[in-house]
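A.B. asks: Mind folding the following:
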Amino acid sequence: MSADPTAPATSVRRPSLLDSAGSARSALIPAARGESLAAFDGRCILAGCVAPRSNTPGIAPHRAQHARWGPRSAVVAPLRRGPHGADCAPWGGTARRLARLGATPRFHHGLLGSRGLRASRHISGAVAVFMLLAVHSTAQTPRPAVTRLAVLQAENRRAPAARDLAVIRAATHSDDPQTARIAVRALGRLERPSLVADILPSLKHPLPEIRAEAANALGQSLEDTKSGAASPTIANTVIDALITRLSVEAEASVRGAIFETLGRTAATAVHAERVEAVLVDAAAREATNDGRLGIASGFEALVRLRRREHAPQAAAITAMRSMVSVSPPVARRPFDPSRDVRVRRLALEALVTADAVDDATLGRALDDPDPQVRRLAMRAAAAGSPAATGALTAGLTDPSSMVRIEALRAMQSSRAAALCSAAVTAAADRDPQVALVALDQLAACGASPDAVALLERIVSDPANVGSPREWHRAAHALVALAGSSPDKLAAALGPFATSLIWQLRMYAARAATIVRDAMLLEKLAADDEDNVREAAIEGLAKVSGHSADPVYVRQMNRTGYQILRAAAAALAGTPNPDAAVPALRAAHERLVAEGRDNSHDGRAAIEKTLTDLRAPAAADGHASSGAARSPVTPAVARSGAHTTGAAVRSVTREPRDDSRDLNADDLRRLAAARALVTMRGIGTFELVLFTWEAPASVLRFTRLAEAGYYNGLTFHRVVPNFVIQGGSPGANEYIGDATFMRDEVGQWPHVRGAVGISTRGRDTGDAQIFIDLVDNPRLNHEYTVFAQVLNGMDVIDQVLEGDVIEKIEIVVK
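C.D. replies: Residues are numbered from 1 along each chain as shown. Next up, the predicted model:
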């Protein structure tokens, strides 16, 4: 499917974030095995040059418009056609491998040289590797590089002091375009509505890349509008400015950024109505892919965030329906259906959210060459119309696994009568992910003798539980059997509860919860593995309530944050506080003394329970003596993840200043780094790291990887048609690297193959990573994207829960 990521690669060098603009150095870009870079002459940019057609649906050539550049030479230039209409072959085939991912993000790629030449246009085409692009023409003094680093460090500190803001504000006026763009981005990432006035002038910057960055930064600065924390008046000011800029903006990439930002900026029903009118009008006029992609993104965000205050009107629904089509838009001939693929996905996603997919739109989506569009059609078909019923039946045999998975889920949502027979058939699907989803659906099929017999057969077959990659079918079948036929579960539970594979014991606890087997849950609450204990305690809280308080209290001497959190929550409202409070206090004191950021969720759960019990965290009625080391960032507190009350003094401190970890040497070294991730027993996939877009995240990831941190860890969470998540030393959501990471939310979208940092509130990343299995627009502007899969998406699609990361190698040349 993809080229061998371990094959030798030729490369060219390009400038790093901090290189001088006159340097001849450039960052590594990999080339496919056996292909030469001799023809590379600056004609193509990685993001969108044409890839040959593939047998995979939705893959086709992508092209973009000409841009103004200097004389052709060994520099990175924007996309355009090669001689005699031939398509460019960028950097030896990397773009081909990216094109096979079938996603088409729109992004600003450029780093700019001292003369202010345009680094790149918004790119719409195959998924692009976000690299550090630059035009080098004259020598540049060291000063801009120093300023850029100072801005990055101030942003990473979250600019707590006036001097930090002064550094960033001053940099927005820099004559160096790279510096100005980084500074504008930093102002947005601070997510402070009070900084809107500092961002607005950059909407008029001469360079489109900076204008687009300013539009995005304005949206990010109003992130609190989603919770109502930011003033609607400020949001109105931003909307006014964006609409005003649209009236004079000639650059499609900037218009696209403005359309997208408008969709996520509306704070009230009045705002939503106004933004909708702008998007509807633009949809009738806009012919460029950049602009149409921005409109579709704007519609998707507007509908998702504001549909309760303002349901989409008929004109908006018509506009979105027209975008779910492979027919040519206005003034575009010839038309390539794969160029608009993300437009179609986003428009259909918005229609599904609005419950506004009619039969004609559904029919077009079902015939779309892109599997992600067909997957969304399955979600639309869950409404259960006559046309939808036929669509689901067709989806069950679709060539794409993601479509088959979504068809099964939609059948359950629509309570289709054929669900059980379809799930029984799909349980033998050639793709394990489809088979596991099918087994999950059988939990609702107790009335089907075939379904129950299949589940019994699977859980009683020792061959299904014999190895690390073979236990999944039995585990899912066990839980499904608990739901469909609990009377037949008792005989099967025993072997699972004593299995040498701890995941099977964890699934046994989940099954025991369903059948309310308190005795087995108490036994599993004493398991050696804290993940098993967590499942057992959560089950006991539902089955036994406070009659199991002694079991919960015993958990407070465990070290796993997940079990401490679960046990503390189970003790909330206990009728026996005299027994619970000392154990809660001792655990809290221990966590505070450890001083690890990522114990936050355990500490917060304990504090909340102590607050409910009207007991202070420390026996003397004051905060612990170790409280100064207990890290709770302002962003976490704002997100609501940290709970405090009158009875428990808030355990806070200034966020740990790790901004010095951002240093010039590492930023240069990692300017175009890649990561090779080897999965035990499966294969290898390759990531390209976005050092420009997420420098602090890339530096943390690479340092840990080079130290062997990830070797032997697992992907502990696999959600088909959503994400896989891993890199936890405890194989769970709550245990990761000790020090929190700052979010670096940007413009790169959460498309299939995007690699993000898992968080539980703002600035709470702990080096756990996740990989998007499909486009997930609801994650855009919320979770850091620090890399993109370059090769090996087929390997990622095979990852099962508990699969081991053999090693991660960082490739820097």
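A.B. asks: ok, and the closest non-adjacent residue to residue 311?
C.D. replies: Closest residue in space to residue 311, ignoring its immediate chain neighbours: residue 354 at 7.1 Å, by C-beta to C-beta, 6 or more residues apart in numbering. No exception for glycine: its C-beta is placed from N, CA and C like everyone else's.
A.B. asks: Point out where the stretch 1-150 of the chain drops to low pLDDT.
C.D. replies: Counting by pLDDT under 70, the ranges of the stretch 1-150 of the chain that qualify are 1-142.
A.B. asks: quick one on the thing from earlier: what is the neighbour count of the residue nearest to residue 311?
C.D. replies: Residues near residue 354, counting by other C-beta atoms under 10 Å, number 19.
A.B. asks: Was I right to think it contacts residue 314?
C.D. replies: No: between residue 354 and residue 314 there is no contact under C-beta atoms under 8 Å: 11.5 Å.
A.B. asks: Can you give me the first-to-last residue distance of stretch 406-425?
C.D. replies: From its first residue to its last, stretch 406-425 covers 15 Å (C-alpha to C-alpha, to the nearest Å).
A.B. asks: which helices and strands does the host helix or strand of residue 180 pack with?
C.D. replies: Element membership for residue 180 (DSSP states H and E) is helix 177-189. Here helix 177-189 touches helix 143-156, helix 162-171, helix 196-199, helix 208-221, going by 3 or more C-beta pairs under 8 Å, 6 or more residues apart in numbering; DSSP states H and E.
A.B. asks: looking at those helices, which is buried most?
C.D. replies: helix 208-221 (a mean of 28; mean count of other C-beta atoms under 10 Å).
A.B. asks: need the next SSE after that one, C-terminal direction.
C.D. replies: With DSSP H and E, the next secondary element past helix 208-221 is helix 232-246.
A.B. asks: in that next one, what's buried?
C.D. replies: Buried positions in helix 232-246, judged by neighbour count with 16 or more other C-beta atoms under 10 Å: 232, 234, 235, 236, 237, 238, 239, 241, 242, 245, 246.
A.B. asks: OK, contacts around the residue lying closest to residue 559 once chain neighbours are set aside?
C.D. replies: The shortest distance from residue 559 to any non-neighbouring residue, by C-beta to C-beta, 6+ apart, is to residue 530 (7.5 Å). Listed by C-beta atoms under 8 Å, 6 or more residues apart in numbering, the contact partners of residue 530 are 558, 559, 560, 562, 563, 730, 732.
A.B. asks: again with residue 798
C.D. replies: Going by C-beta under 8 Å, 6+ apart, residue 798 touches 432, 682, 683.
A.B. asks: just to revisit the earlier point, if I take the helix holding residue 180 and helix 162-171, what angle do their directions form?
C.D. replies: 130 degrees (axes from the mean of the first three to the mean of the last three C-alpha atoms, to 10 degrees).
A.B. asks: Residue 667 against residue 696, yeah?
C.D. replies: No: counting by C-beta under 8 Å, residue 667 does not reach residue 696; the two are 9.9 Å apart.
A.B. asks: domains in this protein, as residue ranges please.
C.D. replies: For the chain, the structural domains run 1-140, 148-221, 420-501, 516-656, 663-811, going by automatic domain parsing.
A.B. asks: now for the longest one, what's the gap between its first and last residues?
C.D. replies: In domain 663-811, first residue to last residue: 19 Å (C-alpha to C-alpha).
A.B. asks: for the third one, same thing?
C.D. replies: Start and end residues of domain 420-501 are separated by 29 Å (C-alpha to C-alpha).
A.B. asks: Next secondary structure element downstream of the lowest-mean-pLDDT helix or strand in the chain?
C.D. replies: When the helices and strands of the chain are scored by mean pLDDT, DSSP states H and E, helix 634-639 comes last with a mean of 44. As assigned by DSSP H and E, the chain's next helix or strand after helix 634-639 is helix 664-669.
A.B. asks: Show me what that following helix is packed against.
C.D. replies: Here helix 664-669 touches helix 143-156, helix 695-706, going by 3+ C-beta pairs under 8 Å, 6+ apart.
A.B. asks: Quick one: residues in contact with the shortest one.
C.D. replies: When contacts are defined by C-beta under 8 Å, 6+ apart, helix 695-706 is touched by residues 17, 152, 156, 661-662, 666-667, 670, 673, 675, 689-691, 710, 737, 741-742, 744, 757, 765, 767, 769, 784, 786-787, 808-810.
A.B. asks: Go again with 7 Å.
C.D. replies: The contact list for helix 695-706 (C-beta atoms under 7 Å, 6 or more residues apart in numbering) reads 17, 152, 156, 661-662, 666-667, 670, 673, 675, 689-691, 710, 737, 741-742, 744, 757, 767, 784, 786, 808, 810.
A.B. asks: Could I get the contacting residues of residue 534?
C.D. replies: By C-beta under 7 Å, 6+ apart, the neighbours of residue 534 are 562, 563, 566.
A.B. asks: Report the contact partners of the closest residue to residue 176 other than its chain neighbours.
C.D. replies: Leaving aside its sequence neighbours, residue 176 sits nearest to residue 144 (C-beta to C-beta, 6+ apart; 3.9 Å). Residues near residue 144 by C-beta under 7 Å, 6+ apart: 174, 176, 178, 179.
A.B. asks: Return the distance of residue 144 relative to residue 154.
C.D. replies: Taking C-beta to C-beta, to the nearest Å as the measure, residue 144 and residue 154 are separated by 15 Å.
A.B. asks: partners of the one helix or strand residue 686 maps to in the sheet?
C.D. replies: Using DSSP H and E, residue 686 maps to strand 683-689. Under the criterion DSSP bridges, strand 683-689 sits next to strand 674-679 (antiparallel), strand 785-791 (antiparallel) in its sheet.
A.B. asks: In PyMOL, how would I select the buried members of the contacts of residue 530?
C.D. replies: In PyMOL, selecting the buried portion of the contacts of residue 530, with burial taken from 16+ other C-beta under 10 Å, looks like this:
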select buried, resi 558+560+562+563+730+732
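A.B. asks: which one of the contacts of residue 530 is nearest residue 300?
C.D. replies: When these are ranked by distance to residue 300 (C-beta to C-beta), residue 732 comes first, at 31.6 Å.
A.B. asks: The closest one - that's part of a strand, no?
C.D. replies: No: Residue 732: not assigned to a strand; according to DSSP: H, G, I helix; E, B strand; the rest coil it is coil.
A.B. asks: Name the nearest residue to it, ignoring sequence neighbours.
C.D. replies: Residue 732 sits nearest to residue 562 (C-beta to C-beta, 6+ apart), 4.8 Å away.
A.B. asks: any idea how far residue 506 is from the one you found?
C.D. replies: Taking C-beta to C-beta, one finds residue 562 at 11 Å from residue 506.
A.B. asks: who touches both of those two?
C.D. replies: Taking C-beta under 7 Å, 6+ apart as the criterion, residue 562 and residue 506 both touch residue 531.
A.B. asks: quick one: the strands in this protein?
C.D. replies: Secondary structure of the chain (DSSP state E): strands at 674-679, 683-689, 714-719, 723-728, 754-757, 769-772, 785-791, 803-811.
A.B. asks: any chance of the ones you listed in CSV, plus mean neighbour count, mean pLDDT and distance to residue 279?
C.D. replies: Converted to CSV, the strands of the chain look like this (neighbours: other C-beta atoms under 10 Å; pLDDT from 0 to 100; distance: least, C-beta to C-beta, whole Å):
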stretch, mean neighbour count, mean pLDDT, distance to residue 279
strand 674-679, 22, 99, 38
strand 683-689, 25, 98, 32
strand 714-719, 20, 98, 31
strand 723-728, 23, 98, 28
strand 754-757, 27, 98, 25
strand 769-772, 24, 99, 25
strand 785-791, 28, 98, 24
strand 803-811, 18, 98, 42
